[in-house]
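**Q** Sequence unavailable; structure follows:
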């Protein structure tokens, strides 16, 4: 017996230097994964070098999250110049405004006393001031609360299922609570969408913008289909990522036709606990389509979920 995987792969939804542009090559993601693994092993110098190699595959460009992580690796390696190089790249992109996180990130503690730290913090705080001046703050706060509640039960789902099983009373109780919260969130979110349209990060910030997508992608099929054109228009205007649009398209296609275009949707076999792809149309060219919307290669996604064969 199979059930549909409906949790968001949030890692695919984070935008950076390449927002709405063609994504990095497959080697980029392989090297970033290597860098992350090395960092977890506290092999910071090797991690930093792997990040640099990843960025070199993309002509020196990078996803902002990866560039920030590279800065942490360089800082942990005692290489302040390299750390600041990447941090200033992140800050000067104008999108990074989390001064509170920056100030307390222990990975960067070694460079706090450097004279450049104050300049960096000034840029980030200026980013925050400039961004907040454009925000609809009441709606931003409401959507951020919605996103927190949307993710609350989903973050517990895997551990709950692994511990008690999918059909267990504990798991079913969690799913019932999640469905109840989803209904509340959907009512609030559609009211915002119907009044304001699809609000981009420039209007409500990244998390609130993601909340709009999270609630719609977790909704029923008629709701997803109703708001798909609004999301498409937002993607065309860079008010959301094209990766989000691809994921919603796959979700709709999987539900209605049991096939998909971009390969973002998975089935999970309850007995074997193994994942497989919902059938992908024109599979031979799926990576071209994924690349066009900034998604990593299908092979990297398959490996993340322990899928050894792309055959359905």
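**A** Cool, the structure landed. Everything numeric in this text was worked out from a predicted model, so none of it was measured.

**Q** Can you report how many residues neighbour residue 187?
**A** The number of residues packed near residue 187 is 10, by other Cβ atoms under 10 Å. From N, CA and C alone the C-beta is placed, and that goes for glycine too.

**Q** Which strand or helix spans it?
**A** helix 169-196 (DSSP states H and E).

**Q** Could you list every helix and strand that that helix packs against?
**A** Using 3 or more Cβ pairs under 8 Å, 6 or more residues apart in numbering; DSSP states H and E, the elements in contact with helix 169-196 are helix 137-164, helix 206-217, helix 221-236.

**Q** per-residue pLDDT, the residue in the chain sticking out farthest from the centre?
**A** Ranked by distance from the centre of the chain (Cα atoms, centre = their mean), the top residue is residue 115, with 33.1 Å. At residue 115, the model reports a pLDDT of 97.

**Q** what's the burial count for residue 38?
**A** For residue 38, using other Cβ under 10 Å, the count is 19.

**Q** scratch that, residue 162
**A** Residues lying near residue 162 (other Cβ under 10 Å) number 11.

**Q** Of all the helices and strands packed on helix 169-196, which one is nearest residue 242?
**A** helix 221-236 (5.0 Å; Cβ to Cβ).

**Q** the inter-axis angle of that closest one versus helix 206-217?
**A** 140 degrees (axes from the mean of the first three to the mean of the last three Cα atoms, to 10 degrees).

**Q** Show me which positions of whichever helix or strand comes after helix 221-236 end up buried.
**A** Toward the C-terminus, helix 221-236 is succeeded by helix 242-257 as the next helix or strand (DSSP H and E). Buried residues in helix 242-257, counted by 16 or more other Cβ atoms under 10 Å: 242-255.

**Q** What mean pLDDT does stretch 159-167 get?
**A** 84.

**Q** before we move on, the earlier item: quick one: which of the buried residues of helix 242-257 is nearest residue 40?
**A** Nearest to residue 40 among the buried residues of helix 242-257, counting by Cβ to Cβ, is residue 243 at 25.1 Å.

**Q** Next one: the closest one, what pLDDT does it get?
**A** 93.

**Q** Flag the shaky bits of this structure, pLDDT-wise.
**A** Within the chain, the stretches with pLDDT under 70 are 1-22, 310-312.

**Q** what's the angle from the helix holding residue 187 to helix 206-217?
**A** Orientation of helix 169-196 against helix 206-217 (the same axes, to 10 degrees) gives an angle of 110 degrees.

**Q** after helix 169-196 comes which helix or strand?
**A** Following helix 169-196 toward the C-terminus (DSSP H and E): helix 201-204.

**Q** buried set for that following helix?
**A** For helix 201-204, using 16+ other Cβ under 10 Å, the buried residues are 201, 203-204.

**Q** Would you check that residue 255 makes contact with residue 223?
**A** No - using Cβ atoms under 8 Å, residue 255 makes no contact with residue 223, being 11.3 Å away.
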